[in-house]
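**Q** Quick one: sequence and predicted model below, then my questions.
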Amino acid sequence: MMTQVLNRLIISIPVLFGVLLLGFCLLILVPGDPAIVLAGPTATPEVVEAIRQEMGLDEPVLVQFLSYLGRVLQGDLGRSLISNKTVVSELGAAVVPTLELMVACLIWSIPLGIALGTLAAVFRGRIIDRAIMAVSVAGVSLPIFFICLMMIHFVGVQWRLLPFIGRGGPLWTVEGLRHIALPALSLGAIFIGPVARMTRSSVLEVLKLDHVRTARAKGLSETQVILRHGLRNALIPVVTLVGLQAGYLVGGAVVTESIFSYPGLGRLAVGAILSSDFPLAQGAILILALGFILINMVVDILYALLDPRVQA
Amino acid sequence: MKTKALTLAALLLGTSLAQAQEITIVREVDSNNYDPHKTTSRAASEVLFMLGDTLVSLAPDMQTIEPGIAESWEVSEDGTTYTFQLRDDVAFCDGKPMTADDVVYSMNRWTDPETKSPVAWRAGEVESVTATGPHTVEYKLKAPFSELLYQLTQSFGTIVDQANVEALGDDFGVSGFNGTGPFCWVEWTPRDKMIVERHEAYTWGAPFHENTGPASMQRVTWQIVPEENTRTVAVLTGQSQISQYVPYIALEQLKSAPNVEVVQSDLAFWTYFMGFKIDKDTVSDPAVRRAINLAVDQEAMAEDLFFGVVQPAYSYVSTEALDWNSDLDAQLLGYDPEQANALLDEAGWTRGDDGVREKDGVRLAPTAYVFAGSTWGKISEAVQAYLREIGVDLQIQAFDATVAWGKLATQEFDMFGMSYPYVSSGDALNLYFRSQNMPTPNRMNWNDARTDELLLAGSTAITDEERADSYGQVLEIVHEAAVWLPLYHEPMVIAQSTDLETVVPHNIYGAGLYKGLDLKFRD
């Protein structure tokens, strides 16, 4: 197990280097000039030039990249061009809300998706199966922004049940819960569909296997058969799917956070890119990539826990 | 357990967020920082007016200079020395009394080349600023600057605290700001929110405020909500009590909501226009520029694209602006496509087979750079359609804001779309029409010695009449030359909760709520 974790860690080093290089290149290739953006619409050429020199943008690209790499290795991601706060502190402030959003999203959507998928498999071909599959198709095909706007329209405006702007505080506070509810419900909605569909087909697959037949032959109740012998084996592909979907979750978080003005990483990244805030955008890309690598590592470990064959 | 769950559910479902004397203002974008000398953004001005004070204040009529930190002032006969008598009861948020030394420090920091302030020019050509007494400041200029008092009303002239600036270093206006305004800095999370709290000792608001302090609001949260529909419903549902950033399309809905009041200022000191790069072949002929001005129906655009909320513009600054030359009113170019066609025919621009005019091998197909997004998208498309009628084939290139400023600093385009705030005609003209400001912000390459001379005369004028006369002449020259195609003047529109007393919208630099002293819940 430890070897596996170590292997994953070693593999992630070149991946991270690639992310750094890519993040740097992308922003160099984008035709926006941060000095002009910073100087504002009424600035004279002298002001723009002064800002460019101060930011080191007049240096050759390779020099800029190497000095960036050197600083990153020392844990210095620079300062935001816009707020002048350190990138580390800006990212730090945004990571917690995003983690909270992901937890709040996954905590209800995955169990619900699995439950619905299992239910659909058990009642295969019956009306309940069709209803669940119809809902899950909607979940898969509706764009996240549409779900967000519908949530705001109905839950926020028509019924006035929940707030839809910003973050109310940490997750364990009442205001925190109230504020995170709508973004988490919207973001989770895109998760239920794929999870339910994958669980359904996976459970159906497993229920055909010999060990399930044996379990039934032993005289176990159908519930025990499904929960103990069916579901555990059926969950392996679901875990893979959740790992893969984590990428969509990050993308979805960007949209969800923007619409709900939720101060997380996704919104930070978009804001940084839109305002040509080079250091912050690079930092945000790095953190998002790190998150992705971490999620994949957790998925690998979960595999090993669920399927002893992987450990061997 | 059941009771607990019910209580939690009840708390979760409770809708009222607004607590006594606390409001949330929603807006579209945040500032890069809140250092008055280091930012040009409107978002910064909005908050800085609340956090700090200026020597003098501008009344909501956008013309009258009223006391601020300075209770009175005298200007020497030659117009180069301003002596400000400061109030003796002003204190910073940390309780420290404000003295003449703070004013001197603030002005010196503003104009010090080390500060690299993009707005240093607004302070005039300063020779020295000195404290001649504990509450007296002498502001000496190298040459008279008739706009000085108007410039000093802007947030760039905010009085800062030297100890605070030095203690925070690069983080000044980022992690804190000790000002003398009606509100004090609590916390800023960039791109999310800025929280300010009432300055309890504040009693020195300008005389035109009904409440001169302390503010009624205990706490104000400026919340960034980038999505315009979310901002609209936030005001509709009471999650925000006030905003000047609601889309025009939603105004009717807001007006008909029983809990929302829409307040609009008749003054509109934010102007949208398209400028001509006048040394380009396609638009170097004044006849072409005049024809383009005549071909566009600003009134219909204001009505159809902006629901009649904006004022159609035929002048480069609002005709309500200080020093507007009213002699020009009759000469402004209105909608007259026939005259536009006649003008082009007369000037020798003939239509080709495809209907587009040509002259000496130059095809009348100017390229316009505009900002990507719905506002400039619909403006430029409407202009394109109007110009098609007179044989001008406008090519639109829209750029994202991150790229647009860079593209607008080039010499590649023939026309460009822009909007800007100003306090007076002189403010606008000095920025855009001085030859030394080429290529930005004078993106037209308007290089005219007479204009420069008159702008200098206007800015160094000692009397109001002289200043108005000089600027009036500049206005005449540039309107005659049709250097811009003015489109519309944007008024200050504020959507507010009916729980609040009706606010008086201000137009200063687009900061509609100004000091926030009017913000008050109804009894």
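**A** Looks like it arrived, so ask away. For clarity, every value in this text was computed on a predicted model and none was experimentally measured.

**Q** A strand includes B:Tyr488, no?
**A** Yes. With DSSP: H, G, I helix; E, B strand; the rest coil as the criterion, B:Tyr488 is part of a strand.

**Q** which stretches of the chain have low pLDDT?
**A** Unless you meant another one, I'm taking chain A. Where chain A drops to pLDDT under 70, the residues are A:1, A:26-27, A:30-34, A:37-44, A:310-312.

**Q** Chain B is the one I meant
**A** Residue ranges of chain B with pLDDT under 70: B:1-20, B:402.

**Q** Let's see that with 80 instead.
**A** Across chain B, the ranges flagged by pLDDT under 80 are B:1-20, B:32, B:118, B:400-406, B:440.

**Q** Kindly report the residues of the stretch 51-200 of chain A close to chain B.
**A** Within reach of chain B by Cβ under 8 Å from any Cβ of the partner chain, the stretch 51-200 of chain A has these residues: A:51, A:54, A:79-85, A:90, A:93, A:149, A:152-153, A:156-157, A:160-167, A:174, A:177-178, A:181. All C-beta spots, glycine's among them, are computed from the backbone N, C-alpha and C.

**Q** at 7 Å what do you get?
**A** A:82-85, A:90, A:93, A:152, A:156-157, A:160-161, A:163-166, A:174, A:177-178 (Cβ under 7 Å from any Cβ of the partner chain).

**Q** What subset of these is buried?
**A** A:82-85, A:90, A:93, A:152, A:156-157, A:161, A:163-166, A:177-178 (16 or more other Cβ atoms under 10 Å in any protein chain shown).

**Q** so where do the helices sit in chain A?
**A** Ranges of helices in chain A, per DSSP state H, are A:2-29, A:34-39, A:45-55, A:61-73, A:87-122, A:127-141, A:144-151, A:174-207, A:210-218, A:222-224, A:232-259, A:265-274, A:278-306, A:308-311.

**Q** how near is the residue of the stretch 201-312 of chain A found nearest chain B to A:Gly169?
**A** As assessed by Cβ to the nearest Cβ, chain B sits closest to A:Pro263 within the stretch 201-312 of chain A, at 3.8 Å. Distance of A:Pro263 to A:Gly169, given as Cβ to Cβ, to the nearest Å: 12 Å.

**Q** of the two, who's got more company?
**A** Each of A:Pro263 and A:Gly169 has its neighbours counted (other Cβ atoms under 10 Å in any protein chain shown); A:Pro263 has more, 24 against 14.

**Q** ok, the nearest residue to the more buried one once chain neighbours are set aside - how many residues close by?
**A** Nearest residue to A:Pro263 in three dimensions, chain neighbours excluded: B:Asp192, at 3.8 Å (Cβ to Cβ, 6 or more residues apart in numbering or on different chains). Counted with other Cβ under 10 Å, the neighbours of B:Asp192 add up to 24.

**Q** Equivalent analysis for the one 5 residues further on, please.
**A** Residues lying near B:Glu197 (other Cβ under 10 Å) number 17.

**Q** Over to A:Ile36?
**A** Residues near A:Ile36, counting by other Cβ under 10 Å, number 25.

**Q** ok, it - contacts?
**A** By Cβ atoms under 7 Å, 6 or more residues apart in numbering or on different chains, A:Ile36 lies in contact with A:Val48, B:Trp405, B:Gly406, B:Ala409.

**Q** name the element the nearest residue to it once chain neighbours are set aside belongs to?
**A** In space, A:Ile36 comes closest to B:Trp405 once its chain neighbours are excluded; the distance is 4.4 Å by Cβ to Cβ, 6+ apart. According to DSSP states H and E, B:Trp405 maps onto helix B:401-408.

**Q** contacts for whatever helix or strand comes next after that helix?
**A** The first helix or strand that comes after helix B:401-408 along the chain, using DSSP H and E, is strand B:415-421. Contact partners of strand B:415-421, identified using Cβ under 7 Å, 6+ apart, comprise B:42, B:269-276, B:283, B:366, B:368-371, B:376, B:379-380, B:408, B:443, B:509-510.

**Q** Also stretch A:77-91?
**A** So stretch A:77-91 is in contact with A:34, A:38, A:55, A:71, A:268, A:275, A:277-280, A:283-284, A:287, B:32-33, B:170-171, B:174, B:190, going by Cβ under 7 Å, 6+ apart.

**Q** buried sites along stretch B:195-206?
**A** In stretch B:195-206, counting by 16+ other Cβ under 10 Å, buried: B:Ile195, B:Val196, B:Glu197, B:Arg198, B:His199, B:Ala201, B:Tyr202, B:Trp204, B:Gly205, B:Ala206.

**Q** quick one: the first one and B:Met217 touch, right?
**A** No. In terms of Cβ atoms under 7 Å, B:Ile195 does not count as a neighbour of B:Met217; the distance is 11.6 Å.

**Q** Please parse the chain into its domains.
**A** Here I'm looking at chain A. A:11-73, A:88-311 (automatic domain parsing).

**Q** wrong chain, I was asking about chain B
**A** Chain B is divided into the following domains under the TED database: B:22-265+B:493-510, B:270-490.

**Q** Quick one: end-to-end length of the shortest one, please.
**A** Using Cα to Cα, to the nearest Å, the end-to-end distance of domain B:270-490 comes to 5 Å.

**Q** can you check the first one too?
**A** Chord length of domain B:22-265+B:493-510, first to last residue, is 23 Å (Cα to Cα).

**Q** Show the contacting residues for the nearest residue to B:Asp518 once chain neighbours are set aside.
**A** Distances taken as Cβ to Cβ, 6+ apart place B:Val503 nearest to B:Asp518, at 4.6 Å, with adjacent residues excluded. The contact partners of B:Val503, by Cβ under 7 Å, 6+ apart, come to B:Val263, B:Ile494, B:Gln496, B:Leu513, B:Asp518, B:Leu519.

**Q** hmm, 10 Å instead?
**A** Applying Cβ atoms under 10 Å, 6 or more residues apart in numbering or on different chains, one finds that B:Val503 lies in contact with B:242, B:244, B:261, B:263, B:494, B:496, B:512-514, B:516-520.

**Q** ditto for B:Phe273
**A** B:313, B:315-317, B:379, B:416-420, B:432, B:483-489.

**Q** Next one: the residue nearest the centre of chain A from A:Gly291, what distance?
**A** By Cα atoms, centre = their mean, chain A has its centre lying nearest to A:Val250, at 2.8 Å. To A:Gly291, A:Val250 is 7 Å away according to Cβ to Cβ.

**Q** still on that earlier bit, buried ones among the contacts of strand B:415-421?
**A** By neighbour count, with 16+ other Cβ under 10 Å, the contacts of strand B:415-421 hold B:42, B:269-276, B:283, B:366, B:368-371, B:376, B:379-380, B:408, B:443, B:509-510 as buried.

**Q** I am finished for the moment; much appreciated.
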